[in-house]
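Here is my input; please provide its structure:
(one chain, ligands or ions: 2)
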Amino acid sequence: MDDSAQATRLVDGCGRRIDYVRLSLTDRCNLRCHYCMAESMTFLPRRDLLTLEEIAELARHLVGRGVRTIRLTGGEPLVRRGFGNLIKALGALQSEGLEELTLTTNGTALPKFAAQLAEAGVRRVNVSLDTLDAERFCAITRGGKIAEVFAGIEAARDAGLAVKINMVALRGTNDGEFARMLAWCGERGLDLSLIETMPLGEIEGQREDSFLSLTEARAALERQFTLVPSLHRTAGPSRYCDVVETGTRVGFITPLSANFCSACNRIRIAATGTVYGCLGHDQHVELREIMRSGQDGALDAALDTLLAGKPARHDFDIARAEPAVARHMSVTGG
Ligand code: SAM
Ligand code: SF4
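Ligands and ions are numbered 1, 2, ... in the order given. Below you'll find the predicted structure:
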């Protein structure tokens, strides 16, 4: 990178270099996981979303400012109409400095898209799967069919994509399943990340009741597996261990029990073009109208304003009655 490009890199007010963007393609989803969404969610009107062309243009701009990883998310990114064209356009950014294009998905539409993802240069995907039990899966997702996720994982692997499983730890729901899930992943050569549930958006019931610290989940795993802390890092906040018995890894994403904000390298873009400095705060800038105005320099100025005020850390407190922020994970782009 030459000197002028260095000068345009995204650096926040705490001196953290921002090179990772989580980009939500839609707040909609074909599932309704109870910790993520309320049963009767109101979704954004389609006219409020950035168009696919605007998403691609914004992504190119961000790569020009030093972004090296883009993770597509949502809602469910694969339900966004025109996804196939978009992934092709974003894949082309890998010749302009983008090092990793990836996505987090519930997996149900992977049979349709896995080959296109691989063709576009996607090398790995995260698939969310909180249980291996069909009935429990149906209950957690309010109606989802686990066979569709299994088929999605198979399709991704057949297309040559590495798959990592994301499992949110939920007391009273899947807290007896951590070792079984790790064994299942191990048999298939898949890494696993466990995630603590975060207080985002109103849901039915109290989050505190379902919160489970990963310290407890790890202890349960260590009764059956030998976990050795690993130096392996991705662009995300997972801290990994090698699992001696399976030869795979298990990661722990612990926003509540072990804060990782000092190493934050990311911003999050909602499908509307609202950019959030932090998952746990409302601080944001709106890019949609700025992009539509076509004003020279306005996009960079807005991004720089966001970064100057990017919060130093979230202040999640699972015991508080109200959520840390009103918007759901599916809106910000989880
Ligand atoms: N629909 C896709 C999926 O489920 O993978 C992508 C979006 S989803 C919001 C991204 C990830 O956030 C999933 O792994 C999901 O389990 C997780 N998630 C959603 N709400 C959460 C919450 N309140 N706390 C912790 N993780 C959450
Ligand atoms: Fe949909 Fe993902 Fe939220 Fe589940 S976690 S409701 S799959 S967006």
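
What residues does the stretch 1-150 of the chain have near ligand 1?
Within the stretch 1-150 of the chain, the positions lying close to ligand 1 (CB under 6 Å from any ligand atom) are 29, 35-36, 73-74, 76, 104-106, 128. C-betas here are computed from N, CA, C, even on glycine.

from those residues, which ones fall inside strands?
With strands identified by DSSP state E, the entries of these that belong to them are 73, 104-105, 128.

Identify, from those, the entry nearest to ligand 1.
Closest to ligand 1 out of these is Ser128 (3.4 Å), distances taken as CB to the nearest ligand atom.

For this protein, which residues score under the pLDDT cut-off?
Within the chain, the set of residues satisfying pLDDT under 70 comprises 1-7, 200-207, 235-236, 255-260, 315-334.

ok, 80 please
Within the chain, the set of residues satisfying pLDDT under 80 comprises 1-7, 199-208, 233-238, 255-263, 279-280, 311-334.

which one's the longest strand in it?
If you go by DSSP E, the chain has its longest strand at strand 162-169.

Alpha carbons only: can I get that one in CSV?
The C-alpha coordinates for strand 162-169 follow below in CSV (Å, rounded to 0.1, in the frame of the first residue of the first chain):
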residue,chain,number,x,y,z
ALA,A,162,-14.7,-25.1,5.1
VAL,A,163,-17.6,-25.0,7.5
LYS,A,164,-17.4,-23.8,11.1
ILE,A,165,-20.5,-24.4,13.4
ASN,A,166,-21.7,-21.5,15.6
MET,A,167,-23.7,-22.6,18.7
VAL,A,168,-25.2,-20.1,21.1
ALA,A,169,-25.1,-21.5,24.6
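
ok, back up a step: Serialize the ones in strands among the residues of the stretch 1-150 of the chain next to ligand 1 to a markdown table and add fields for distance to ligand 2.
Output for these, formatted as a markdown table (distance: CB to the nearest ligand atom, whole Å):
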| residue | distance to ligand 2 |
| --- | --- |
| Thr73 | 8 |
| Thr104 | 8 |
| Thr105 | 8 |
| Ser128 | 6 |
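
Grab the two from these that are most spread out in space.
Pairwise distances across those peak at 10.2 Å for Thr73 and Ser128 (criterion: CB to CB).

Just say helix, strand or coil for Ser40.
coil (DSSP: H, G, I helix; E, B strand; the rest coil).
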